[in-house]
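> only the shape, not the letters, is given here:
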Ligand code: FA5
């Protein structure tokens with residue numbers, strides 16, 4: 001065989017052996033066999049080169065060096081694959097930098113509601129839940145809102161197209177959390193001292209301070225000798241716990257069918273007064289409707305807008321931010 005053919009044969013067998021090496025030890029044996037400096041096939045080839053005619057030496061020598069470089073490169077490349085952990089074969093390279101884990105956060109309104117519940121529990125109020133789909137009995141009737149009352153106008157409520165399966169009567173998305181007052185009193189003899197926080201729905205025109213879905217916190221305390229002064233104390237303690245000692249609460253006369261007297265509750269914090277909710281002493285008609293004796297117990301109730309409180313504390317100027325799920329907004333809380 002001439003020198004060129006010998007070099008070609010060397011390259012073929014060396015590359016095949018490199019590809020066939022199953023592990024690092026096998027590859028090392030291949031290296032000694034084909035690239036070893038002391039003995040092995042490379043040495044044999046070099047001996048052969050010594051016998052080549054002088055005029056052919058530059059050409060054959062160049063070819064020899066090229067083949068040696070290719071075999072060395074193939075060996076190194078195979079070495080780096082064998083060095084990689086087994087998981088790499090499965091398409092997972094554990095040596096690559098990791099993908100940082102994104103920690104989620106609770107929505108600012110959920111955080112606010114958790115904090116409200118904590119504050120109210122310190123004041124002795126248990127948190128209860130009520131359904132968001134209601135019947136007219138709980139959303140209106142038992143709250144002393146008769147059928148002719150404008151608050152029952154279909155244009156002011158989200159009525160459902162399905163009827164109550166038990167009574168056949170209309171169903172609607174609750175327009176206030178006051179429904180829960182009724183549900184609690186129906187099932188619990190006095191005294192009761194509860195809060196209920198959750199979503200309410202109204203077809204209001206949406207703007208910076210109004211949404212057609214928002215959250216309220218309802219409070220109810222019925223027992224012997226509960227007064228309007230207790231109401232103001234509880235609301236002041238609640239607001240100062242949430243915002244700080246520099247909060248003032250004021251009542252303005254108002255009207256709700258289910259309280260008498262009724263008040264609008266305003267809060268002063270920072271630069272001005274803001275309406276935060278409605279409240280009053282539970283109307284004797286409401287107490288009677290749930291089987292309580294208004295001669296024995298009295299009580300107060302209040303309903304606060306949760307968004308407005310949270311906006312105030314965090315200087316949020318548009319209520320719509322809460323519902324857009326923009327992580328740049330949500331991450332700030
Ligand atoms: C009521 O909903 C009464 N149920 C409150 C009440 C409870 C009175 C118990 C007496 C006894 P009002 O409709 O005013 O009241 O709503 C209460 C608060 O909810 C408002 O002060 C405001 O903070 C908030 N609110 C009302 N409408 C919206 C709206 N569209 N978007 C955001 N917040 C609203």
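Okay, I see it. Since this is a predicted model, take the numbers as computed values, not measurements.
> show me the contacts for the closest residue to the ligand within the stretch 1-150 of the chain.
Nearest residue of the stretch 1-150 of the chain to the ligand: residue 143, at 8.2 Å (Cβ to the nearest ligand atom). To be clear about C-beta, it is placed using only N, CA and C from the backbone, and glycine gets the same treatment. Residue 143 makes contact with 178, 179, 181, 182, 257, 258, 286 under the criterion Cβ atoms under 8 Å, 6 or more residues apart in numbering.
> ok, the first one - how many residues close by?
When neighbours are defined as other Cβ atoms under 10 Å, residue 178 has 29 of them.
> thought residue 258 was touching it, still the case?
Yes. If you go by Cβ atoms under 8 Å, residue 178 and residue 258 touch, sitting 6.3 Å apart.
> quick check: neighbours shared by those two?
Taking Cβ under 8 Å, 6+ apart as the contact rule, residue 178 and residue 258 both touch 143, 301.
> re the thing from before, next, the residue of the stretch 1-150 of the chain closest to the ligand: phi, psi?
The phi and psi values for residue 143, taken as degrees, to the nearest 10, are phi -90, psi 20.
> ditto for the one 3 residues further on
Backbone dihedrals for residue 146, given as degrees, to the nearest 10, come out at phi -70, psi 160.
> out of the contacts of residue 143, which comes closest to residue 107?
The closest of the contacts of residue 143 to residue 107 turns out to be residue 179 (Cβ to Cβ; 23.4 Å).
> in stretch 219-230, what counts as buried?
By 16 or more other Cβ atoms under 10 Å, the buried positions in stretch 219-230 come out as 219, 220, 221, 222, 226, 230.
> nope, stretch 156-173 is what I was after
The neighbour-count check on stretch 156-173 (16+ other Cβ under 10 Å) flags 157, 158, 170, 171, 172, 173 as buried.
> would you turn those residues into a markdown table with secondary structure?
A markdown table is the format used below for the buried residues of stretch 156-173 (DSSP: H, G, I helix; E, B strand; the rest coil):
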| residue | secondary structure |
| --- | --- |
| 157 | coil |
| 158 | coil |
| 170 | strand |
| 171 | strand |
| 172 | strand |
| 173 | strand |
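> among those residues, which one sits closest to residue 252?
Residue 252 lies nearest to residue 157 out of the buried residues of stretch 156-173, by Cβ to Cβ, at 25.5 Å.
> quick check: the residue of the stretch 1-150 of the chain closest to the ligand vs residue 179, distance?
8 Å (Cβ to Cβ, to the nearest Å).
> tabulate the buried residues of stretch 156-173 (a markdown table), appending pLDDT.
Formatted as a markdown table, these follow (pLDDT from 0 to 100):
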| residue | pLDDT |
| --- | --- |
| 157 | 96 |
| 158 | 97 |
| 170 | 95 |
| 171 | 97 |
| 172 | 97 |
| 173 | 98 |
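> tell me the buried residues in stretch 289-309?
Buried residues in stretch 289-309, defined by neighbour count with 16+ other Cβ under 10 Å: 289-290, 292, 297-309.
> the residues you listed in strands, which ones?
Applying DSSP state E to the buried residues of stretch 289-309, the entries found in strands are 298, 299, 300, 301, 302, 303, 304, 305.
> with respect to residue 15, which of those residues is nearest?
residue 305 (77.3 Å).
> the closest one reaches residue 267, doesn't it?
No. Using Cβ under 8 Å, residue 305 is not in contact with residue 267; the gap is 10.9 Å.
> shared neighbours of those two, anything?
Common contacts of residue 305 and residue 267 (Cβ under 8 Å, 6+ apart): residue 276.
> filter the contacts of residue 143 to the buried ones?
Neighbour-count burial within the contacts of residue 143 applies to 178, 179, 181, 182, 257, 258, 286; the criterion is 16+ other Cβ under 10 Å.
> specify the beta-bridge partners of whichever residue of the chain sits closest to the ligand.
Nearest to the ligand, among the residues of the chain, is residue 305, at 2.2 Å (Cβ to the nearest ligand atom). Beta-bridge partners recorded for residue 305 (DSSP bridges): residue 216.
> cool, residue 279 as well?
Going by DSSP bridges, residue 279 forms beta bridges with residue 263, residue 302.
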